[in-house]
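>>> Please work out how this folds:
(one chain, ligands or ions: 1)
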Amino acid sequence: MFTQYSLPYGFADLEPHIDQLTMETHYTKHHAAYTNNLNAAVEKDSSLAGKSIEEILSNLDAIKDEGLRTTIRNNGGGFVNHNLYFSTLSPNPASAPKGALLNQIKEQYKSLEGLQEELAKQATGRFGSGWAFLVAFKDGSLKVVNTPNQDTPLMEKSGGTPILGIDVWEHAYYLKYKNLRADYIKAFWKALDWAQVELNYQKVAY
Ligand code: MN3
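Numbering: from 1, shown residues only. You can find the predicted model right below:
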C-alpha cells in the first residue's frame, strides 16, 4: 500500500508563489488519484506485492499485461514525482544549497544560477505535459533531464535518482499563471527548499 507524502504545511502556505487552490487541487485530486490508481493497479499483479515503488518503476518490463504496465507507469510515476515535488516545497525554504551539493553544482554549472537556467530551459522547453528533474548519481555527479507525462528517470537503467522535480503539467500552474509557464518556474524557485534537495542529494551520493 503506497501512501501519499503528507504535507507538513497548509495549502495556502506557499502563497503568493503557488496559490492555495492550485495546491489543494493538485494534492487532494491529482496526487491522490495517482496514488489510489497505483494501489488498485498493483493489486492486480501478485508479482508486485511487497516491492518498493523504485523497484517497480525500474523494472516495468517485468509487468506482462500491457494495459497494466501503462497504468503503473503513469500512476506510479505520478505518485513518486509528486512525493518529490511536494516534499521539496516549503513556506520557509533555504534559498540555496551548501556543502557538497553546492560544490558539485559549481563544478558542473558554474553557479546555482547556471543550474537554475538549465532547469528552467528544460522545463519551459518540454512540449506538453511533463517534468524537469535534477538527477544525482552515486558518484556525486548531477544531470538535468526532462520527461514527458509522468515518466521519471527512475524508469531508466542508468537514469540516476531525481532530487528535485519541476512539475510543468498545466494543473501545476494554470489557475494562477495561465499560459505563462516561465513565470510559474520563477515563482517555483521562491518556494523550493534547497535544504531538502541537499538531503535528497546526500541519500544518493555517498
Ligand atoms: Mn502534477
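
>>> Burial check on whichever residue of the chain sits closest to the ion, number of neighbours?
Closest approach between the chain and the ion, counting by CB to the ion: residue 167, at 4.2 Å. Yep, even glycine has a C-beta here, placed from its N, CA and C like the rest. Residue 167 has 25 neighbouring residues, counting by other CB atoms under 10 Å.

>>> The one 5 residues further on now?
Neighbour count of residue 172, defined by other CB under 10 Å: 24.

>>> Let me know the distance separating the nearest residue to it once chain neighbours are set aside from residue 104.
Among residues not flanking residue 172 along the chain, residue 26 sits closest, at 6.3 Å (CB to CB, 6 or more residues apart in numbering). Using CB to CB, to the nearest Å, one obtains 30 Å as the distance from residue 26 to residue 104.

>>> quick one: which of these two has more around it?
Each of residue 26 and residue 104 has its neighbours counted (other CB under 10 Å); residue 26 has more, 22 against 18.

>>> Looks like residue 145 contacts residue 154 (just checking).
No. Counting by CB atoms under 8 Å, residue 154 is not a contact partner of residue 145; they are 11.4 Å apart.

>>> Settle it for me: which of those two has more neighbours?
Taking neighbours as other CB under 10 Å, residue 145 and residue 154 compare with residue 154 leading, 22 against 18.

>>> how close does the closest residue in space to residue 23 that isn't next to it in sequence sit to residue 26?
Excluding the flanking residues, the one nearest residue 23 by CB to CB, 6+ apart is residue 11, at 4.2 Å. To residue 26, residue 11 is 9 Å away according to CB to CB.

>>> Tell me where the chain has helices.
Ranges of helices in the chain, per DSSP state H, are 20-25, 32-42, 53-57, 66-87, 99-109, 112-125, 174-177, 181-191, 194-204.

>>> from these, which stretch is densest packed?
Across the helices of the chain, averaging neighbours per residue (mean count of other CB atoms under 10 Å) puts helix 66-87 on top, at a mean of 20.

>>> Output the contacting helices and strands for it.
helix 32-42, helix 53-57, strand 161-167 (3 or more CB pairs under 8 Å, 6 or more residues apart in numbering; DSSP states H and E).

>>> How far does it sit from its chain's centre?
Its chain's C-alpha centre and that of helix 66-87 lie 10 Å apart, by CA atoms, centre = their mean, to the nearest Å.

>>> and it with the ion, contact?
No. Shown here: helix 66-87 not in contact with the ion (CB under 5 Å from the ion), separated by at least 5.8 Å.
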